[in-house]
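>>> Predicted model follows, preceded by the sequence.
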Amino acid sequence: MPMHLTRRHCLQLAGAVLAGMALPCGVQADGLAMAGARMTADFDPVAAIWLGYDQGHEAFTADLAKALMPHVPIKMLVRDAQAQAKAMSVLRSQGLNALQVAFVQDAQAPFFVRDGAVFGVDGRNKPFIIDFQWTHYGWSNWCRRTFAGSRTQARDCARTDDLESGGLDQRLASSLRLSYFSSPLAVEGGGVEVNGRGLIIANWTLWRERNRGLSRETIEKYLLALPGMRKVVWVPHGLAHDPLHRATIIGPYVGWGTGGHTDEFVRFANENTVLLAWVDDAQARSHPVARLNQQYMQSNFEALSNSTDQRGRPLRVIKVPLPRIVERSVVLSASANTAYSHEWTAASFPARERRKEGDTVKQLATTSYLNHVLANDLVLLPTYVEHGTPPQQQEQVEKIYAAAFPGRTVKVIDVMNANWVGGGAHCATLTEPALQG
């Protein structure tokens, strides 16, 4: 059932700004608007692409804006007036007209804006927002697993969970004067992959993690209650190098990730064509994590190949090679701080792993071509040539995308800045759908 904004959330909207003007609070979806509503696909027409802003990601943000602005209007979600001023300065440094960008301020604005909201188009042909529950990427569950031997440590760790961000999607809806639809399910936008016609591909590992205590049948029931949803296709695994927060993947190899967002490994190209991350035998022999990815993606391929779309047609699956593994050595510090920071410590791992200060681990970046951005006539694709992927493989991937998205220009962007913290270009953008018809 749709929910009213609380008075506290309304008061927080005092800082919300759209094109320099505060907007009133209080919109919700009604039954008439939801009749005929649907969640839109990334390949549908786009009205705007949203970006975030954070220190340390300025160059990446500038590159995203420069690549996108010729193809789609840009909006930005920033934390406050100071962040907005800095973001405008970054845009101007690239010769971009910052005055053409609409800004919304919210104290909990994330850099990876994809995960803060999910858009759809309602029965009146107007955009609306899906309000999923927020768990800070399953942070409390990570704390319980990491400190399984100490309830006190697990409780103290979980207190760093930023639960207030859970109201962001509702506040954004009010800022934009849009309705919203509330779901009891918890997930982030990067874990929601739909074809815009009633089909969702759901990673069971991810949805189970975010919704502890709910059975698969119950989760599917709530998924089918989403606007316009008619069918769920389950896949079993995310990428091995996209673990939940900081975690050991295998042996000395560790990663920092989301725990299985679909935008890292499976994406719709059209209503019944799916792009799937892939590892061939040669890649699998080159690295133990590549071998895991081969096993995981083979299981996903089998699930997708045996599935149909919402109209009963077999899904067409296109395999997209993963880039070469990118890794770096990290020396663990002794700090016991478990806050969600960039610091790698021995306390980042379960006690049973017996990691200690001075240990060296090998962190893998969350690399994938599937974390691409679609914006009308543009496909914005990661490039990994400068990070060890052979140019011929990059060219092969670009050809796959050109064939999968005919008539669109394929551009590339270096996304390593985001890959080291479990994100990518798609994570750092939020797609606002254009009016349909």
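Sure, I can see it.
>>> From now on I want contacts and neighbour counts done on CA atoms only, so please keep to that.
Will do.
>>> Show me where the stretch 151-300 of the chain has its strands.
Using DSSP state E, counting those that start in this stretch, the strands of the stretch 151-300 of the chain run over residues 180-186, 193-194, 199-203, 231-235, 244-250, 253-258, 266-270, 273-278.
>>> What's the mean pLDDT across the fifth one?
What it means is strand 244-250. Computed over strand 244-250, the mean pLDDT rounds to 95.
>>> Give the pairing partners of it; include direction for each.
Strand 244-250 has the following strand partners under DSSP bridges: strand 253-258 (antiparallel).
>>> Mean neighbour count and distance to residue 385 added to the strands of the stretch 151-300 of the chain, as CSV?
Formatted as CSV, those follow (neighbours: other CA atoms under 10 Å; distance: least, CA to CA, whole Å):
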stretch, mean neighbour count, distance to residue 385
strand 180-186, 21, 36
strand 193-194, 22, 27
strand 199-203, 24, 29
strand 231-235, 19, 30
strand 244-250, 20, 24
strand 253-258, 25, 21
strand 266-270, 24, 22
strand 273-278, 22, 17
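>>> Residue 406 is nearest to which of those?
For residue 406, the closest of the strands of the stretch 151-300 of the chain is strand 266-270, at 10.3 Å, according to CA to CA.
>>> Quick one: distance of the closest one to the chain centre.
Once both centres are worked out by CA atoms, centre = their mean, to the nearest Å, strand 266-270 turns out to sit 14 Å from its chain's centre.
>>> Equivalent analysis for stretch 380-396, please.
22 Å.
>>> which residue sits farthest out from the middle of the protein?
Most distant residue from the mean C-alpha position of the chain: residue 358, 32.5 Å away (CA atoms, centre = their mean).
>>> how much space is there between it and residue 333?
6 Å (CA to CA, to the nearest Å).
>>> likewise residue 220?
Distance from residue 220 to residue 333, by CA to CA: 42 Å.
>>> now do residue 303
Taking CA to CA, one finds residue 303 at 41 Å from residue 333.
>>> next one: residue 134
30 Å.
>>> My guess is the residue farthest from the centre of the chain contacts residue 331. True?
Yes. Between residue 358 and residue 331 there is a contact under CA atoms under 8 Å: 5.6 Å.
>>> for residue 305, what are its contacts?
For residue 305, the contacting residues are 314, 315, 316, 317, by CA atoms under 8 Å, 6 or more residues apart in numbering.
>>> Out of those, flag the one nearest to residue 183.
When these are compared against residue 183 (criterion: CA to CA), the nearest one is residue 315, at 27.1 Å.
>>> so what's the closest one up against?
Residue 315 neighbours (CA under 8 Å, 6+ apart): 272, 273, 274, 304, 305, 306, 307, 308, 309.
>>> In the stretch 301-437 of the chain, where is pLDDT below threshold?
335-342, 436-437 (pLDDT under 70).
>>> The stretch 151-300 of the chain now?
Residue ranges of the stretch 151-300 of the chain with pLDDT under 70: 160-165.
>>> so where do the helices sit in it?
151-158, 168-175, 204-210, 216-224, 281-286, 288-305 (DSSP state H, counting those that start in this stretch).
>>> For the fourth one, give me every contacting residue.
Residues lying outside helix 216-224 but in contact with it, judged by CA under 8 Å, 6+ apart, are 183, 184, 185, 204, 207, 208, 211, 229, 230, 231, 232.
>>> one more time with 10 Å, if that's ok
183-186, 198-200, 202, 204, 207-208, 211, 214-215, 225, 229-234 (CA atoms under 10 Å, 6 or more residues apart in numbering).
>>> and the angle for that helix with strand 199-203?
140 degrees (axes from the mean of the first three to the mean of the last three CA atoms, to 10 degrees).
>>> for residue 192, what are its contacts?
Residue 192 neighbours (CA under 10 Å, 6+ apart): 39, 41, 114-115, 118, 200-203, 207, 261-263, 267.
>>> between the residues you listed, which is nearest residue 384?
residue 263 (17.4 Å).
>>> you'd agree the closest one is up against residue 366?
No. Using CA atoms under 10 Å, residue 263 is not in contact with residue 366; the gap is 11.4 Å.
>>> before we move on, the earlier item: of residue 303 and residue 333, who's got more company?
residue 333 (17 against 14; other CA atoms under 10 Å).
>>> Which strand residues bridge the more buried one?
residue 345.
>>> count of neighbours near residue 120?
Residue 120, neighbours per other CA under 10 Å, totals 24.
>>> My reading is that it lies in a helix. Confirm?
No. The assignment for residue 120, made by DSSP: H, G, I helix; E, B strand; the rest coil, is strand rather than a helix.
>>> What's the separation between it and residue 35?
Counting by CA to CA, the gap from residue 120 to residue 35 is 13 Å.
>>> what's the answer for residue 80, then?
36 Å.
>>> out of the two, which sits in the busier spot?
The neighbour comparison of residue 80 against residue 35 (other CA under 10 Å) goes to residue 80, with 18 against 13.
>>> If you drop the residues flanking it in sequence, what lies closest to the more buried one?
Spatial nearest neighbour of residue 80, excluding adjacent residues (CA to CA, 6 or more residues apart in numbering): residue 105 at 5.3 Å.
>>> quick one: the one you found and residue 87 touch, right?
No. At 11.8 Å, residue 105 does not count as touching residue 87 under the criterion of CA under 10 Å.
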